[in-house]
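Chemist: sequence plus the predicted model coming up.
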Amino acid sequence: MELKWNTFETIGDSEADIAAQFVTFIKAKKNLKFYKNQSAVYFISTNAGNFSSIAFWENALKHSPRFANPGIFPWTLANATSGYIARQFGITGPNYTIIEPCLNREQLISNYKTDKLKYQLKNAICVQWEIKVVKNLLSVLAKWTILQ
Amino acid sequence: MQVTNKIAVTGLGVVCAIANTINDFWNALQTENSSIKNWDDLKHADFKYIHACRVTDFECDPLHRGFHFSVAAIEQAITQANCKSTQKWGLFLGTTMGESAAFEAMAEKRQTLNPEEYTGFGICKRLVKKYPKIKIFQCFATACAAGNYALKAGIEALQKDEVSIAIVGGVDPFSRIAMTGFSRSRAMSASGICKPFDVHRDGMVLGEGAGFLVLEKVQNATQRNANILAVLEDCALSCDAYHPTAPKPDSSGIIDCFTQLLNKNNLNPTEIDWISAHGTGTKLSDQSEAQAIAKVFTTHKPYVSSIKPKIGHTLGAATAIEAIVSVLSIQHQTIPHTINYKDAEFDILIPKKPVLTKVNKVLNCGYAFGGLNSITLFSSWN
């Protein structure tokens, strides 16, 4: 199976912000269709959720745990972005968040082939998501592809 | 499925607030005891709620507590499975936050740390160093459903002959970040008493721990005369794609998982003996889960119970530890009860005392923020 990777780069002030920008970018692509429980999400990252975890605890230390900003908390979870992608595209099939520094292409294809058979998948979105801090902002470099 | 492709469970290991060995754990599940306590450090740090289930008498570097929990549980599991001479291990780990204390330390600017060393991947790397037989590994950060994801990956790696032994589990050490987050999400029990499915339930209580299982093909286990504790048949996944934290009101994602497992394994709902529930004790999650069970199991009501009032919600470890309880219930032909359950709200069968009965098939349920739904199916072996 040949994978044709696309890239997306942006900066934002939070993981929620960059996830929203990514989805807006993807939505603008024509001919991109997902099929509810016959589509899946494979989200691969080394550090999704890390920056929100630190930001949430900084916020709790500043305001007391009693008054920490509850809006940050869901983004402390590494799977927040893959859940967001699923909601935005109505993808109700399997939704994976895998923590690894670089994509294991063979493993991904093997997993997709297994799930394709098991869930009668028509396609899946695969996103490799790496975040960096640049001048107090978050910068993301995303590689994404559609598995058929 | 051919017998040669069936997956056996041959080892179990647990660390949680109520016990650090499998025997003590099972015995504790038969009692009315809970490990929920009030904690002075949380009080002094101005937490709104100060009750939690935490592992005591476990000395280790607090920044690597998840790794040390994992080692303690894996040692039990591989000793029971007696698999040390078997080559080609795979490690499949589920976690929510990895080493949460490290991220707290980074925010407090106490130490300069590399965040990536403290994620679930960081825990895996340390485990691979400790257990060189691990040839492949994968880490699933799928929140409170992570253990079931790891179980699914273990099944598939064995069936594809990528590994001959799969060390599969979940871990989450106590997290002040999660304690704060669930409190601010209004998911925490104000009373400090976790009462899953009870009409007066008022929320969850946070726990910590690790649960690991040794999986291998039945054929492999039989050839080396290993004791097969149960069979891990299958795992179903779905996503609500509805809300970041709330379950879908019609429970359709959970129902989809139940239906997948029943249909793909040619099972009638009457064949399910016990549902090891997610049962957090929160209003919405319990309602969604109970509603799904009532819709799927219409003519036959399997027993439904939750162990979270005893050990708290161990997040990424929860479905792994509950998978262990599923296996133990089959081994002991006993269904654990749900402590603190008094007044019914839902049309499901919740035991108030342990039930000695035939336990042949068990469903192990875990749901998570992000709309994740996961259920594994365990069966008795012969």
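Modeler: That came through fine. Numbers count the residues shown, from 1 in each chain, chains lettered A, B, ... in the order given.
Chemist: using CSV, write out every CA atom in stretch B:265-283.
Modeler: Provided in CSV are the C-alpha atoms of stretch B:265-283 (Å, rounded to 0.1, in the frame of the first residue of the first chain):
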residue,chain,number,x,y,z
ASN,B,265,-18.6,-14.1,18.0
ASN,B,266,-22.0,-15.7,17.2
LEU,B,267,-23.2,-15.1,20.7
ASN,B,268,-26.7,-14.8,22.0
PRO,B,269,-27.0,-12.1,24.8
THR,B,270,-28.2,-14.9,27.0
GLU,B,271,-24.7,-16.4,26.9
ILE,B,272,-23.1,-13.4,28.7
ASP,B,273,-22.8,-14.1,32.5
TRP,B,274,-21.2,-10.9,33.7
ILE,B,275,-20.6,-7.4,32.6
SER,B,276,-17.5,-5.9,34.3
ALA,B,277,-18.9,-2.4,34.0
HIS,B,278,-17.0,0.9,33.5
GLY,B,279,-19.2,2.1,36.4
THR,B,280,-17.5,5.3,37.4
GLY,B,281,-20.3,6.6,39.6
THR,B,282,-20.9,9.7,37.6
LYS,B,283,-24.5,10.7,36.7
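Chemist: how about it: buried residues?
Modeler: For stretch B:265-283, the neighbour count (16 or more other C-beta atoms under 10 Å in any protein chain shown) marks B:267, B:269, B:272-282 as buried. The C-beta positions use only the backbone N, C-alpha and C, and glycine is treated the same way.
Chemist: correct me, but residue B:54 touches residue B:17?
Modeler: Yes: taking contacts as C-beta atoms under 8 Å, residue B:54 lies within contact range of residue B:17: 5.7 Å.
Chemist: which residues does the residue of chain B found nearest chain A contact?
Modeler: For chain B, the residue closest to chain A is residue B:370, as judged by C-beta to the nearest C-beta, at 3.0 Å. For residue B:370, the contact set (C-beta atoms under 8 Å, 6 or more residues apart in numbering or on different chains) comprises A:74, A:77, A:79-80, A:82-83, A:86, A:95, B:142-143, B:239, B:244.
Chemist: secondary structure element holding the residue of chain A found nearest chain B?
Modeler: Among the residues of chain A, residue A:83 lies closest to chain B, at 3.0 Å counting by C-beta to the nearest C-beta. For residue A:83, the host element (DSSP states H and E) is helix A:80-89.
Chemist: buried ones in that helix?
Modeler: Along helix A:80-89, these residues count as buried under the neighbour rule (16+ other C-beta under 10 Å): A:80-89.
Chemist: now the strands for the stretch 251-382 of chain B?
Modeler: B:274-276, B:303-305, B:334-335, B:355-356, B:361-368, B:372-379 (DSSP state E, counting those that start in this stretch).
Chemist: hang on, the earlier thing: can you tell me what sits against the next helix or strand after the helix holding residue A:83?
Modeler: Once helix A:80-89 ends, the next helix or strand along the chain (criterion: DSSP H and E) is strand A:95-99. Counting by C-beta under 8 Å, 6+ apart, strand A:95-99 makes contact with A:40-46, A:48, A:78-79, A:81-83, A:86, A:111, B:98, B:119-121, B:138-142, B:149, B:237, B:239, B:370-372, all of which sit outside it.
Chemist: now, the residues you listed that are in strands?
Modeler: Secondary structure from DSSP state E places A:40-45, B:138-140, B:237, B:239, B:372 of the contacts of strand A:95-99 in strands.
Chemist: need the residues you listed in JSON lines (columns: distance to residue A:142, neighbour count and pLDDT).
Modeler: Listed next are those as JSON lines, based on distance: C-beta to C-beta, whole Å; neighbours: other C-beta atoms under 10 Å in any protein chain shown; pLDDT from 0 to 100:
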{"residue": "A:40", "distance to residue A:142": "17", "neighbour count": "28", "pLDDT": "98"}
{"residue": "A:41", "distance to residue A:142": "13", "neighbour count": "26", "pLDDT": "98"}
{"residue": "A:42", "distance to residue A:142": "13", "neighbour count": "23", "pLDDT": "98"}
{"residue": "A:43", "distance to residue A:142": "10", "neighbour count": "28", "pLDDT": "98"}
{"residue": "A:44", "distance to residue A:142": "10", "neighbour count": "23", "pLDDT": "97"}
{"residue": "A:45", "distance to residue A:142": "9", "neighbour count": "26", "pLDDT": "97"}
{"residue": "B:138", "distance to residue A:142": "21", "neighbour count": "24", "pLDDT": "97"}
{"residue": "B:139", "distance to residue A:142": "20", "neighbour count": "29", "pLDDT": "98"}
{"residue": "B:140", "distance to residue A:142": "20", "neighbour count": "27", "pLDDT": "98"}
{"residue": "B:237", "distance to residue A:142": "23", "neighbour count": "25", "pLDDT": "98"}
{"residue": "B:239", "distance to residue A:142": "20", "neighbour count": "33", "pLDDT": "98"}
{"residue": "B:372", "distance to residue A:142": "21", "neighbour count": "28", "pLDDT": "98"}
